[in-house]
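Participant: sequence plus the predicted model coming up.
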Amino acid sequence: MDFYFCRESVTTMFHRVFVLLLFLNIPFLSNAQEIHPKVIAAQGDGIYSLLRNNGLEPSKYIMPFIELNKENLSTENGLFVGREYLLPTANEKEELPDEEVVRPDSADLVSVKATEVLEKRHYDIFGEDYATVFVESKTLDGAVFYLISGHGGPDPGAVEKYNGKLITEDEYAYDVTLRLARKLISNGALVYLITRDPNDGVRDERILEVDYDEKCYPNLRIPRNQSLRLKQRVATVNELFLKNAHRPYQRIIETHVDSRSKGENIDVFFYYHEHSKSGKRLANNIQNTFKEKYARYQPNRVYHGTIEPRSGLYIIKYSKAPTVYVEIGNLKNTRDQRRILDWENRDAIAKWITDGVIRDYKNR
């Protein structure tokens, strides 16, 4: 009996040890399966071709690829020759929604090839993950842009609740503006951020935390009074405009998020000064770019974004530089919220505005 008891105890002990070791090895095996394969980008590679050449369907793996490698991509989501990139694993495949409001220019990535960097710059204002900006072309060399993100400081602009959390116009307008600034810089432009936040930077979250610490360039406290706020921004831009008088192409782009009834879905629309031919032309070029993008990527959905003169708006009326005022959507509308809250959509909006700007500059 004693021997039988000892043998059963030893057997049970070994069985428990085996089960324990097997259990401890499960995370290890799982982690081993999650290792991302690495590939080197060659001259002429784009994300689409890179994915296809490695057996991955681009439409389902492009966003996981961008998320994995976002710190190692150009501002146009292009690859760099000789750089190492991580490939998504099979279980990271993205299931696309039935309906999409605005997706990033994934189809455009077919034509974005691996390229050499002309120059690398660092800007703390874009935040840790986006501080490095690669200058990829001189397409906008000589152009000056004053980017104004609507409201800010003590004024959050339009406000709404989303899943019980506060979302505000100034935070989302600012994020689009930062993304726009990076893309303009990457094409060789001189950019001034008139509305500035010392610690937000570009953010990929859906819910952007609300704060009230924005400043006016270069580091001025934003007044609580609306009239003083607008005068401060115009004075700042006009002073810079005179400073850059030797540069004939100077433009203001001001970004806002509209606030209407919850049921009103709107497309990105634009204002300009009725007597400004340059402002009207820029607005038309940006609007035409949006029309073409919608026609190409959403052929079953008509783009209804408008363009019209609004000379009474303070910035448009009193600024010396031609101005385009951009409204990116209705903060209260559920469908528009998808466009505004998804960082990929905010990035796409910034890219499409940049494409319109480039068109305008080339045809000036």
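Facilitator: Yes, it's here.
Participant: mind showing which ranges of the stretch 51-200 of the chain have poor pLDDT?
Facilitator: 75-76, 95-116 (pLDDT under 70).
Participant: mind doing that once more with 80?
Facilitator: For the stretch 51-200 of the chain, residues meeting the criterion pLDDT under 80 lie at 59, 75-77, 94-117.
Participant: show me the helices in it, by range?
Facilitator: For the stretch 51-200 of the chain, helices defined by DSSP state H, counting those that start in this stretch occupy the ranges 58-69, 169-186.
Participant: so which of those is the most surrounded?
Facilitator: Across these, averaging neighbours per residue (mean count of other Cβ atoms under 10 Å) puts helix 169-186 on top, at a mean of 26. For the C-beta atoms, the positions are set from N, CA and C on the backbone; glycine is no exception.
Participant: about what we covered before: what's the closest of the helices of the stretch 51-200 of the chain to residue 322?
Facilitator: Closest approach to residue 322 among the helices of the stretch 51-200 of the chain is made by helix 169-186 (15.5 Å; Cβ to Cβ).
Participant: which SSE is immediately downstream of the helix or strand that contains residue 233?
Facilitator: Using DSSP states H and E, residue 233 falls within helix 226-243. Moving toward the C-terminus from helix 226-243, the next helix or strand (DSSP H and E) is strand 250-258.
Participant: quick one on the thing from earlier: okay if I get the helices of the stretch 51-200 of the chain as CSV plus distance to residue 225?
Facilitator: As requested, these are arranged in CSV below (distance: least, Cβ to Cβ, whole Å):
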stretch, distance to residue 225
helix 58-69, 42
helix 169-186, 16
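Participant: I figured residue 80 hits residue 132, correct?
Facilitator: No - the criterion here is Cβ atoms under 8 Å, and residue 80 misses it with residue 132 at 11.8 Å.
Participant: residue 146 and residue 326, how far apart?
Facilitator: Per Cβ to Cβ, to the nearest Å, residue 146 is found 13 Å from residue 326.
Participant: now the common contact residues for those two.
Facilitator: Counting by Cβ atoms under 8 Å, 6 or more residues apart in numbering, the residues touching both residue 146 and residue 326 are residue 253.
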